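Enquirer: Show me how the following folds:
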Amino acid sequence: MSKLADLKQEGQYKVLCYGESGTGKTVFATSFPGKIFVHDFDSKVVSAANFWRKHNPEQLGQIDYTSYADIRGKDADSTTEKKFATFHDWLLEMQTAAQNGKFPYGTVVLDSLTTWADLLLLEVLRQTRTTLKGPIAGRSDIPGMQHYGINSVVFKDYLTRFLALPCNVVVTAHIETEKDEITGALERKPKASGKLASWLPIVFGEVYRAYVDQKDNKTRYMLQTQTDTKFNCRSQIGLAAHIESAYKNLKL
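Expert: Next comes the predicted model:
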């Protein structure tokens, strides 16, 4: 039996940061300390490079990345296979490094979960092409219910392993707006395949919405950390409802 008084906040953040394009998600993710690795699925890591080149050039030397847009095969299927294998092999390598006490990074970034999830679904379609039929005859590129079921398992498995890495983990996501057919209420949430968006907040300690605040001709990049009537957010570390978007503003 454990006592609640002995429970302490871990020194590593597991953050889901979602929002519209241009709200500073990638720059926020690369503001974390230590050596950083970015999985650049959105081709937006250049925005972070431009920001740090202007504001803190030393930070550039701390950031490694893989740009998945640069990974190409001879056709669409082989491109999907190579991209998936690149992420898969990196994760296995990092898990082995962690087990051996040689984990090289202080922060790892998945930018973004939305496009990464799209890749996983394409890989499920590729691997099941000869065994599962889609909903439309003759169209192997359109997923059916069985594909989504398999994809859900794959998605949760890889994301859980990614979050288990012994470092800060920052996952960005695009935002999706859906209307409840019964109440008519609008629900704004991270965008992911199928119904996975509803599962995401469960596995992250910190869930923030990134947005831009423009006032008095000044632009500030902000994070919403507490839920309101429009957005589902939360913080386990006692943050104010709205903070400026930078690691230094996260207080344990």
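
Enquirer: Any idea how far stretch 77-90 is from the middle of the chain?
Expert: Remark: stretch 77-90 is offset 18 Å from the chain centroid, using CA atoms, centre = their mean, to the nearest Å.

Enquirer: swap in stretch 202-217?
Expert: 14 Å.

Enquirer: which outside residues touch it?
Expert: The contact list for stretch 202-217 (CB atoms under 8 Å, 6 or more residues apart in numbering) reads 13-20, 22-25, 28, 159-160, 163, 171, 175, 200-201, 219-225, 231-237, 245, 250. Yep, even glycine has a C-beta here, placed from its N, CA and C like the rest.

Enquirer: Give me the mean pLDDT for it.
Expert: Mean pLDDT, stretch 202-217: 88.

Enquirer: in that stretch, what counts as buried?
Expert: Phe204, Gly205, Glu206, Val207, Tyr208, Arg209, Ala210, Tyr211 (16 or more other CB atoms under 10 Å).

Enquirer: distance of the third one from Val170?
Expert: Right, the one you point to is Glu206. 9 Å (CB to CB, to the nearest Å).

Enquirer: Overlap in contacts, these two.
Expert: Tyr13, Val15.

Enquirer: Scan the chain for its longest strand.
Expert: Longest strand of the chain, by residue count under DSSP state E: strand 206-215.

Enquirer: Tell me the helix or strand right after it.
Expert: strand 218-224 (DSSP states H and E).

Enquirer: what comes up buried for that next one?
Expert: For strand 218-224, burial by neighbour count (16+ other CB under 10 Å) applies to Tyr221, Met222, Leu223, Gln224.

Enquirer: circling back: filter the contacts of stretch 202-217 down to the ones in helices?
Expert: Judged by DSSP state H, these include Lys25, Phe28, Leu159, Thr160, Leu163, Leu200, Pro201 as members of helices.

Enquirer: Backbone torsions only: list them for Ile36.
Expert: Taking degrees, to the nearest 10, you get phi -120, psi 140 for the backbone angles of Ile36.

Enquirer: in the stretch 1-150 of the chain, which spans are strands?
Expert: Secondary structure of the stretch 1-150 of the chain (DSSP state E, counting those that start in this stretch): strands at 14-19, 36-40, 63-67, 107-111.

Enquirer: can I get these in a markdown table with distance to Gln99 and mean neighbour count?
Expert: Converted to a markdown table, the strands of the stretch 1-150 of the chain look like this (distance: least, CB to CB, whole Å; neighbours: other CB atoms under 10 Å):
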| stretch | distance to Gln99 | mean neighbour count |
| --- | --- | --- |
| strand 14-19 | 19 | 25 |
| strand 36-40 | 18 | 22 |
| strand 63-67 | 21 | 16 |
| strand 107-111 | 16 | 26 |
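
Enquirer: which residues does Cys17 bridge with?
Expert: Note on Cys17: beta-bridge partners by DSSP bridges are Thr172, Tyr208.

Enquirer: Give me the phi and psi for the closest residue to Thr86 other than its chain neighbours.
Expert: Distances taken as CB to CB, 6 or more residues apart in numbering put Ile71 closest to Thr86, at 5.9 Å, once the chain neighbours are dropped. Note on Ile71: backbone dihedrals following degrees, to the nearest 10 are phi -90, psi 120.
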